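Engineer: next comes the sequence, and after it the predicted model I'd like to discuss.
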Number of protein chains: 2
Amino acid sequence: MQTGGHIAGWRHARAADNALCDAEYFQALGRTAEKGLFDGVFLADYVGYHPVKGAAVFAGLETPKLDPLVVLATIAAATRNIGLIGTASTTYSHPYDVARRFASLDHVSGGRAGWNIVTSTMENEAHNYGFEAHLAHADRYARADEFVAVARKLWDSWQAGAVVADKVSGAYTDPARISAVDHQGEHFRVAGPLTVPRTPQGHPVLVQAGASATGQQFAAANAEVIFTSHPTIFTAQAFRADMHTQLAQFSRSPESLKIMPAVTPVIGRTRSEAEDLKRELDDLIPARIAISKLEGLLGNVDLSGADPDGPLPALPAEALAGENSTRDRVLELSEREMLPIAELARRVAAGRTGHTIVGTAEDIAETLIEWENCGAADGFVISAPFLPGGLEDFVDMVVPILQERGHFRREYEGTTLRENLGLAVPPNGFDADPTSRRRPEIW
Amino acid sequence: MQTGGHIAGWRHARAADNALCDAEYFQALGRTAEKGLFDGVFLADYVGYHPVKGAAVFAGLETPKLDPLVVLATIAAATRNIGLIGTASTTYSHPYDVARRFASLDHVSGGRAGWNIVTSTMENEAHNYGFEAHLAHADRYARADEFVAVARKLWDSWQAGAVVADKVSGAYTDPARISAVDHQGEHFRVAGPLTVPRTPQGHPVLVQAGASATGQQFAAANAEVIFTSHPTIFTAQAFRADMHTQLAQFSRSPESLKIMPAVTPVIGRTRSEAEDLKRELDDLIPARIAISKLEGLLGNVDLSGADPDGPLPALPAEALAGENSTRDRVLELSEREMLPIAELARRVAAGRTGHTIVGTAEDIAETLIEWENCGAADGFVISAPFLPGGLEDFVDMVVPILQERGHFRREYEGTTLRENLGLAVPPNGFDADPTSRRRPEIW
C-alpha cells in the first residue's frame, strides 16, 4: 500500500492525488483488496527517512507515513474480511507496547491482525530514538528474537476463559487463568500480564521480510509469512526450498510458513499497451533520483564522479562490509546484465520490491500460476505499480482468470487472517506447561 | 469510557455484557456521545494494573484495556464530529512514537485527536517496561515537560505547504518547508522530522489530569484541557481560580485552558428513583473490594487489622511521604465527615472520579449550570455510572434541558475538536522563528 510498487507510480493519472494522510484512501484500498478476496493488506513502515545520497537534503520524493496501526484500525472499521498487516520495529519499540497494539488490533478487527517484524536499518531512525547509530545487524536480530519471545508470552498471559464478566458474582476476570510473564532477559525485563486478553487469532500472524542469512534464520524460527523479493523464478524456488530446510531445524513443517514473493503487475489490454504503460511509468522517474536511489541501495556510496553511461565502479571496502542483501542483489544484477550506471539505476529504482511482470491479465495470471506450480511461491504480495488504479485492474482483470483456472478462492475460507492463510492458532504456552503459570504479583 | 464511572456499574442490567474488547461497543458509545453533541470521548489508560491491597493476586475486578489509539481510530471511522481523546504515558513511551500516533489519529479523524498526558504511577507499569520501580514524581514531570516540548517540535516539523504531491514536476514534498528538529535534551535526543505532515488541528488538543502541585504547574505550562475531580463546588471554584493565576505565570489567558470537573450523574425519573439506583449500584460493590480499593488509594496501606466499623487509624509515615493528591483527598473526606472505614471505603470505591450527582435530569442540569455560573467549570467530564445505559440517559434526558436553558450547543460549532472547544490552533514554531529551521541532514 501507500503509493504502490513503482517509485514514480504516484505520478500516474490513475494514481490518487495527495492521499497519504487520508483515511478514505486507505479504506477504499482495503475494500478493493477485499473485493478481490486478498488475504490482507500490508503497510510497510519506517520511523524516519531513507538516505537518498546525492540529494543533499530532503529530496522531494519522500512521502508522509502515518502510524500503521492507526491506519489499519480505520481500515478494520470499513471492512469485514481483509487481513491487516502492519510493520513495527523491534529495535525502536518496546515489546509490551507492540504486543498490546497488535493484540488490540486483532480484537477490534475480529482476528485480522498481522505484524510485519522489522529490525530497522536507517540511521535517521536511530537518530529519532536517541541513538548515535543504529545497532549492528547481529545485535538487532538478537534483540528481535527476545522481543518476539516476550510478545508471545504476553499474548498468552490471558488464557481461555480468563474474562468472566459475571454480573451476578461480581468477578470480571478469573485470576487463576491470568499468568504473570516474569521475563528476565538480556534486552528486556517484563512482569506482565498484558492488559489485553488472548485474541481471536491467539497471536497475530507473524510476518517477516529480512533476506540476509541472519534474517532467514530469524524467519525460520519465528515467521508465519515471508514477504520476499526475487528477480527470477529460479532464485525464488531455491529460496523456498532452502527456507523449508531451515524450518526443519526448528521442527516446523513447510505448511507453517507461507512464502510470498512480491510482484508488481503492469497490466495492459494488450502486451504492447502494458509495455507502453511500463515505459510511461519509468519515464516518470527523474534521472537524478534514480541514481540517488541506486547510491542508497548500494549502502550510501557516492557515484557523482562516475560516468552515468559507464559501468559501475568497484565499491569502496566500507560499502561492502557487513550483511546487506539489498546491496548484494543490486551487484548481482549489475554483473549479470553488465548494465551502465544510468540503466542500472532506472531498473532498481523503478521496482521498489520484487519482480515486475509486464503483460496482459492472462500473462500475469499465467506467470503467477507457473511460480506457484514450480514451488517458487505459496502466494504473492501484489505490489500494484500505482494506487488505486493498479490494484483495481488486478482485482477486476487478473483475479477472475486465477479463479477460472482453479488457482484462487471464490470466497473467504474463514473469518480470521490465520484461517484464510491456512495457519494454525498457536497453542497457549501457559496451557501447554501449566507449571509455568505464575499468579501476577502486582499487589 | 471503558465500563463507566461507578466501580460496580458494569454489573448493572443496563450495562453492556463483556464488551471491552469489542469495537462495536466503543463505536456505539462514540455515536451516542456525538448524538449528545459532546466535545469528545475520553479513554483512560494504564500500561499495567493497579495495586489492590488485601487481594493477594489479581482481584477478579481488573478489566481488559485495549490500546487507546487503536480503539479511537475505530471510533473515528464510525463517527464524524466527536473528539477522540486518548491517554499516553510520557514515562513509558518515546516522544517520536507518541507524537506520530496522535498526529496520525488527527489526520485520519479530520482533526479530532486529543492527548491525555499522564506520567504513570503504578509499580506494575514500571515492571512491564524493565524498571525496578517507577520514577520519582519530580523526575516524571521533568521528563514529561521535555517530552511535550519534543512532541511540539515534531508536530511543527512539516510546515504549511510541505506536501506538494505535484504529479507534473515529480516533487512529493517541498524540502524547504520541512525542518529537522535536532532536539538534544536531558532525556531525549531526536533528529526529526516526523514522518507525518502538520495535522488539521496543528497539534492534537493537550489534556492533563494531574492534581498535585507539580501536576498543576505542568498543566499551567502545557495543558489546554484539565480533567479534574472535586468533591464540592467550592474546591472546584478555588481550583479554577488558582489555575488561572498559574496560567498567568506562563503568559497564558484563561480562555486557553478549559477546566472540566468529572461528574457522575445518577439519573432517575424521580429523586427517589435516582436514590434507589445509587443504592442499587453501591450494593453491587463487594465489601472486600471496597476496602482493598481504599487501601490502594491511601498508598497501599494495610487495613486488615482495623475494625471496619471504626475510624481510619493514623497512617504510617511512609504512606504519608511524597505528593499524592488522591490520598490527600481521601484523608480530607475521612476527617470532614468522620466516616467509619467501611463507609469511607464504599464512598471512595463507588465513584471512580469526581463528583456524583444523584437526582432527576432537572437536578443534574441545574447542578451543572450552577457549577458553570459560579466559575467552577468550563465544561464537564460526564462519567456515566454504567455504559451504555447511563450515557444514553444523560444524552436523552439531561442534554435537552441544558439546551433549553441556553447552556449547551444545538449543533457543533466546527469540524475539529479544537474548534468545538474554542481553542486556537497553535502557531507553527518554525514559522514563528524561521531562523530555527534546519534542513534535515538525513542523507
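Structural biologist: Looks like it came in fine. Residues are numbered from 1 along each chain as shown, chains lettered A, B, ... in the order given.

Engineer: contacts and neighbour counts: CA atoms only from here.
Structural biologist: OK.

Engineer: low pLDDT regions in chain A?
Structural biologist: Across chain A, the ranges flagged by pLDDT under 70 are A:1, A:51-59, A:351-354, A:441-443.

Engineer: please parse it into its domains.
Structural biologist: Partitioning chain A according to automatic domain parsing yields domains covering residues A:9-263+A:358-436, A:281-350.

Engineer: what's the closest of these to chain B?
Structural biologist: When those are ranked by proximity to chain B, the top entry is domain A:9-263+A:358-436, at 4.4 Å, counting by C-alpha to the nearest C-alpha.

Engineer: okay, how far is it across the closest one, tip to tip?
Structural biologist: Terminal residues of domain A:9-263+A:358-436 lie 52 Å apart, using C-alpha to C-alpha, to the nearest Å.

Engineer: likewise stretch A:345-358?
Structural biologist: Its first and final residues considered, stretch A:345-358 spans 19 Å by C-alpha to C-alpha.

Engineer: tell me the phi and psi of the residue nearest to A:Arg410 when sequence neighbours are not counted?
Structural biologist: Taking C-alpha to C-alpha, 6 or more residues apart in numbering or on different chains as the measure, A:Arg410 lies nearest to A:Gln403, with 6.6 Å between them; neighbours along the chain are not counted. Torsion angles at A:Gln403 (phi, psi; degrees, to the nearest 10) stand at phi -70, psi -50.

Engineer: wait, A:Gln403 touches A:Asp396, no?
Structural biologist: No. Shown here, A:Gln403 and A:Asp396 do not form a contact pair, counting by C-alpha atoms under 8 Å, at 11.6 Å.

Engineer: before we move on, back to that, same list, the domains of chain A, but as a markdown table with mean neighbour count please.
Structural biologist: As requested, these are exported to a markdown table (neighbours: other C-alpha atoms under 10 Å in any protein chain shown):
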| stretch | mean neighbour count |
| --- | --- |
| domain A:9-263+A:358-436 | 21 |
| domain A:281-350 | 17 |
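
Engineer: dump these into CSV; add distance to B:His407 as well.
Structural biologist: As requested, the domains of chain A are arranged in CSV below (distance: least, C-alpha to C-alpha, whole Å):
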stretch, distance to B:His407
domain A:9-263+A:358-436, 34
domain A:281-350, 58
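
Engineer: so which bits of the stretch 151-300 of chain A are right by chain B?
Structural biologist: Residues of the stretch 151-300 of chain A lying close to chain B by C-alpha under 8 Å from any C-alpha of the partner chain are A:163-168, A:170-175, A:178, A:188-197, A:284-286.

Engineer: cross the residues you listed against strands and list the overlap.
Structural biologist: Members of those lying in strands (criterion: DSSP state E): A:Arg189, A:Val190.

Engineer: let's see which of the residues of the stretch 151-300 of chain A next to chain B end up in helices.
Structural biologist: Judged by DSSP state H, the subset of those located in helices is empty.

Engineer: so who does A:Arg271 touch?
Structural biologist: If a contact means C-alpha atoms under 8 Å, 6 or more residues apart in numbering or on different chains, then A:Arg271 has A:Val358, A:Gly359, A:Thr360 as its contacts.

Engineer: state the distance from it to A:Ala361.
Structural biologist: 9 Å.

Engineer: tell me what the residue lying closest to A:Pro197 once chain neighbours are set aside is bridged to.
Structural biologist: If the residues on either side of it in the chain are set aside, A:Pro197 comes closest to A:Trp158, at 5.0 Å by C-alpha to C-alpha, 6+ apart. In this structure, A:Trp158 bridges to A:Ile178 when assessed by DSSP bridges.

Engineer: looking at it, A:Trp158 is touching A:Ile178, isn't it?
Structural biologist: Yes. Contact between A:Trp158 and A:Ile178 holds when scored by C-alpha under 8 Å: they sit 4.7 Å apart.

Engineer: ok, and what's touching stretch A:131-139?
Structural biologist: With C-alpha under 8 Å, 6+ apart as the criterion, stretch A:131-139 contacts A:Thr91, A:Thr121, A:Met122, A:Glu123, A:Glu125, A:Ala126, A:His127, A:Thr214, A:Gly322, A:Glu323, B:Arg189.

Engineer: now stretch A:91-101
Structural biologist: Defining contact as C-alpha under 8 Å, 6+ apart, one finds that stretch A:91-101 is touched by A:69, A:88, A:118-120, A:125-126, A:129, A:135, A:140, A:143-144, A:147-148, A:150-152, A:154-155, A:190, A:194-196, B:66-67, B:70, B:128-129.

Engineer: is stretch A:35-45 anywhere near chain B?
Structural biologist: No. Applying C-alpha under 8 Å from any C-alpha, one finds stretch A:35-45 out of contact with chain B, separated by at least 9.9 Å.

Engineer: quick one: the strands in the stretch 1-150 of chain A?
Structural biologist: Taking DSSP state E, counting those that start in this stretch as the test, the strands found in the stretch 1-150 of chain A are A:40-43, A:83-89, A:113-118.

Engineer: cool, the stretch 301-443 of chain A as well?
Structural biologist: Chain-ordered strands for the stretch 301-443 of chain A, with DSSP E, counting those that start in this stretch as the definition, fall at A:355-359, A:381-382.

Engineer: export those as TSV, with columns for distance to chain B.
Structural biologist: Conversion of the strands of the stretch 301-443 of chain A to TSV gives the following (distance: least, C-alpha to the nearest C-alpha, whole Å):
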stretch	distance to chain B
strand A:355-359	22
strand A:381-382	23
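
Engineer: distance to A:Phe38 added to those, as JSON lines?
Structural biologist: Output for the strands of the stretch 301-443 of chain A, formatted as JSON lines (distance: least, C-alpha to C-alpha, whole Å):
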{"stretch": "strand A:355-359", "distance to A:Phe38": "19"}
{"stretch": "strand A:381-382", "distance to A:Phe38": "9"}
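
Engineer: for B:Asp307, which of these is the nearest?
Structural biologist: Of all those, it is strand A:381-382 that lies closest to B:Asp307, at 67.1 Å by C-alpha to C-alpha.

Engineer: what's in contact with the closest one?
Structural biologist: Residues outside strand A:381-382 that contact it (C-alpha under 8 Å, 6+ apart): A:Phe227, A:Met260, A:Pro261, A:Ala262, A:Val263, A:Thr264, A:Pro265.

Engineer: note down every partner strand of the strand or helix carrying the fourth one and its orientation.
Structural biologist: Read that as A:Ala262. Counting by DSSP states H and E, the secondary-structure element that holds A:Ala262 is strand A:258-267. Strands flanking strand A:258-267 in the sheet, each with its direction: strand A:225-228 (parallel), strand A:355-359 (parallel), strand A:381-382 (parallel) (DSSP bridges).

Engineer: need those strands in TSV (columns: distance to A:Ala365).
Structural biologist: Converted to TSV, the strands paired with strand A:258-267 look like this (distance: least, C-alpha to C-alpha, whole Å):
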stretch	distance to A:Ala365
strand A:225-228	19
strand A:355-359	10
strand A:381-382	12
